[in-house]
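*Asks:* What follows is a predicted protein model with its sequence.
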Amino acid sequence: MRSSEDEILAGRAIDRALRPLLKSMSGEIHVNCSVQSHGGRGNPAVLALNTASVGLGKYLLAPVAAVHLCLHSDGTVIFDPTQKKCNSLQRNFFFAATRDKVVMIEATGITRYIPENVFRNLTKLAHAAIQQVIDVQEILIKDMSDELCTTTDNEGDRVALGLKSLVSSADAQSKKSNIVQEAYEFISMKFCDASLRLFGYQDSLCEQRLKDDKTQVSVYTGTLLSKSTRGRREHLLLTAIQQSLITKFKPTSAELSWVSEEHAEKLARTLSDQVLRKLAQRALFTTSSKYQVRADRRGLLGNGCKMIRPLNVVVPALPSVVHGSSLFTRGETQVLCTTTLGAPRDSMPISSPFHQQRELSGNINDVTSGELPVGCSRYFRNQEAMMSDFNSRKVKADSERTGASGTFDEMKRFFLQYDFPSFSKGEIPSKNGNRREIGHGRLAERAMLAAIPPAGEFPYSIRVTSEVTESNGSSSMASVCGSTLAMLDAGVPLKFPVAGVSVGLAVNKESAFDKDSSLDYELLLDITGTEDHYGLMDLKVAGTTGGITALQLDVKEPLELDILYDGLKLARQGLLVMIDRMEELSEKSSCGVISKLQPRPSLKKSAPRVEVVRFDPMRKRDLVGPGGAVLKQIEERYGVSIDLSQEGQCLLFGENHEMVTNAKLTVRDLVADIEEGQLYEGTIIEIKDHGVIVELLRNKEGLLHVSEISPDLSHPEGNYGVVRSNFKVGDKIDVVCTGVDPVQGTIRLSRKELGTGGK
């Protein structure tokens, strides 16, 4: 059975937490986690990861544990919350770590951003919470049989079966285990200078630069070395390493006497990959820490470690038939984002054990002064406050209600689709699944959730597509920037602009093995694909000027929390610079339409329109009609879709603005109450001896008695003659409501106060 997106994302989280801790071994490991039952408490991925750590046992370098915690709006932290407790929680935090180091983090703000100091406190609380879980894991793993953790061939078993020994002697086995280190030392002496040049070193940088922590984050304005050029140079270096290893380690040499001739070349190629990786990691650290240069030439005129690649923005990027669009470019990473506005009914109910549901409250009286619902006692027919409701953003409806249904279940009304086609990275399509696209798309979607306006202010369903046209690192964070600009172009009133950036890590491997000295490392802002491949960390941070909206941490080795905090600080500085730059570029590109990262003043003509009518919920049956006949008739006549809520909110959605407005007037007449003393225009539908029956507001009928027509009118045939001579069916007349029977609901009308008698 095909896995759902939530199951794929949970699987990715488990994989990302376990992978940095797996010991080197031959063969593959498959971890199968399945939810057999779920009682509504907590995130199943947390329990799955904790049990997987025990199941892998001694295959891992250290036990790993996870915890899910949420932050309440009042500052209360709840560990492993139930779905019921998550109703009012605003921030989710998934944390996985070993006894003393972190391996994976996912943090998202559902309704608002997370300040940096709050994030630090959450990590400390989470790390303290998993200590007891690790204690239990260590006891369970200690009791496991060693046979379950055997990862090498047992030489005694081979002898018992009469099989040939794999090694000729213990000395040969020792040489086999040390051959990688020997190859690295040989290649390092020969290609050290070439590896440094591969990562940005130039002869003009012969002198070491002094490290300056006070250097400000900036945007690089020079020309970058292209990804294809660096790729060709890396391939040339790999080929040279392979040839050198084949020449030095021949099958006849003492080092490889235990290897057959047909496998010698294959072994040399395998060694070259491992040697190149170690050589590149050392070169990455040396060039970034000693010379502050990057592989793409950032840093030739400053500290490249704190430089963001050149930015460019085109908004709108597509013709106005598209509701909103943008083209965001950062270096060689480019995304084309579009925004489409849809009807409220296009939202989707959320139902998954991996999703926490929130109870969305709403009250018919929760409106601001002067914006009264239709049907209340203070409503006047000439009130025009409801006109253009949501389009002018004047009416405040239920702050968290989508209007898609009358239930209290959370509805998903914001969708972000992330497409990562193979051409964006210069490859031919593969048959592999789209786990990466799902994970990166969900990260970008969660980063934007905190900025999405509530349905009461902007009731549209919002769908954003982000297509990566070119990729060289951090395409998911580029999607966050492009999505912000595309929604602003569509007129979506975002709470705040959101940007995203990534931070990498280069480490001195020699200092990592020295227990008496601190780890020597360098943080890299806005990493490329090469730096992500050879670096040890990929920290993706999305946020605004006030804090973090989403964070994802992936590491290749367990990471100390202090390094994480330093990376977060650098990312925050980068976000502030990027938001300022986005504001400048978007205003210039849009010719001032998008100013100071505020949405365009009005929706585009191609965008659909939404109008709202609020009414007394007791009048809902008048609007629906028998079997929904009235509702269907309005939808067919005006070409609109109507969405009702139990709290008395009617949303009308359509492509034609004029038709939507007419449909709104019709709905307002259907659900409005007739009020005493108000003037109405009605249509005569029946003539009787004692008066006429007048239809008001499309579905209300009142009696205009002959005595209320005019005292000056008379006729030889009496009252019957007065009525017949002055009125006929279909006439439109003005009447005043003189009273409504509170029991029977009959409406009494009059024309005396108008000073007119007949027509």
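*Replies:* Thanks, I have the structure now.
*Asks:* Give the residue spans of the stretch 501-650 of the chain that score low on pLDDT.
*Replies:* Counting by pLDDT under 70, the stretch 501-650 of the chain has low-confidence residues at 510-518.
*Asks:* now the strands for it?
*Replies:* 521-525, 537-544, 547-559, 609-614, 641-645, 649-654 (DSSP state E, counting those that start in this stretch).
*Asks:* if we compare these, which one ends up closest to K732?
*Replies:* Comparison of the strands of the stretch 501-650 of the chain against K732 by CB to CB identifies strand 609-614 as nearest, at 23.6 Å. To be clear about C-beta, it is placed using only N, CA and C from the backbone, and glycine gets the same treatment.
*Asks:* if I pick the residue nearest to Y460 when sequence neighbours are not counted, what's in contact with it?
*Replies:* Using CB to CB, 6 or more residues apart in numbering and skipping the chain neighbours, the partner closest in space to Y460 is L341 (4.3 Å). Remark: with contacts taken as CB atoms under 8 Å, 6 or more residues apart in numbering, L341 is in contact with 323, 460-462, 490, 492, 603, 607-608.
*Asks:* And the furthest pair within the residues you listed?
*Replies:* The widest separation within these, taken as CB to CB, falls between S461 and L603 and amounts to 14.2 Å.
*Asks:* So which residue is dead centre in this structure?
*Replies:* Nearest to the geometric centre of the chain sits E445, at 1.4 Å (CA atoms, centre = their mean).
*Asks:* three-state assignment of it?
*Replies:* With DSSP: H, G, I helix; E, B strand; the rest coil as the basis, E445 sits in helix.
*Asks:* So which of the contacts of L341 is the closest to K266?
*Replies:* For the contacts of L341, the minimum distance to K266 (CB to CB) is 53.2 Å, reached by I462.
*Asks:* Please enumerate the helices of the stretch 101-250 of the chain.
*Replies:* 116-129, 131-142, 155-160, 170-198, 227-248 (DSSP state H, counting those that start in this stretch).
*Asks:* closest to K290 out of those helices?
*Replies:* Here helix 170-198 is closest among the helices of the stretch 101-250 of the chain (CB to CB), at 9.3 Å.
*Asks:* Between helix 227-248 and the closest one, find me the angle.
*Replies:* With axes from the mean of the first three to the mean of the last three CA atoms, to 10 degrees applied, the angle from helix 170-198 to helix 227-248 works out at 150 degrees.
*Asks:* Which strands or helices does helix 170-198 pack on?
*Replies:* helix 227-248, helix 264-290 (3 or more CB pairs under 8 Å, 6 or more residues apart in numbering; DSSP states H and E).
*Asks:* Q598 is nearest to which of those?
*Replies:* Smallest distance to Q598 across those (CB to CB): 34.9 Å, for helix 227-248.
*Asks:* tell me what that closest one is packed against?
*Replies:* Helices and strands touching helix 227-248, by 3+ CB pairs under 8 Å, 6+ apart, are helix 170-198, helix 264-290, helix 529-534.
*Asks:* rank those by mean pLDDT and give me the bottom one.
*Replies:* Note on the helices and strands packed on helix 227-248: helix 170-198 shows the lowest mean pLDDT, a mean of 76.
*Asks:* got the angle between that helix and helix 264-290?
*Replies:* Relative orientation of helix 170-198 versus helix 264-290 (the same axes, to 10 degrees): 50 degrees.
*Asks:* Helix 170-198: how far from the chain's middle?
*Replies:* 44 Å (CA atoms, centre = their mean, to the nearest Å).
*Asks:* And for stretch 226-235?
*Replies:* 32 Å.
*Asks:* and F328, what are its bridge partners?
*Replies:* F328 forms beta bridges with V313, V335, as assigned by DSSP bridges.
*Asks:* That one reaches L485, doesn't it?
*Replies:* Yes. Between F328 and L485 a contact is recorded at 6.3 Å, counting by CB atoms under 8 Å.
*Asks:* list residues touching both of these two?
*Replies:* 313, 337.
*Asks:* What helix or strand is V468 located in?
*Replies:* Element membership for V468 (DSSP states H and E) is strand 461-470.
*Asks:* State the mean pLDDT of the following helix or strand past that strand.
*Replies:* Next along the chain after strand 461-470, taking DSSP H and E as the criterion, comes helix 475-490. For helix 475-490, mean pLDDT is 95.
*Asks:* for helix 475-490, packing partners?
*Replies:* If contacts are counted by 3+ CB pairs under 8 Å, 6+ apart, helix 475-490 sits against strand 324-330, strand 333-342, strand 414-419, helix 435-449, strand 461-470, strand 499-507, strand 537-544, helix 561-589.
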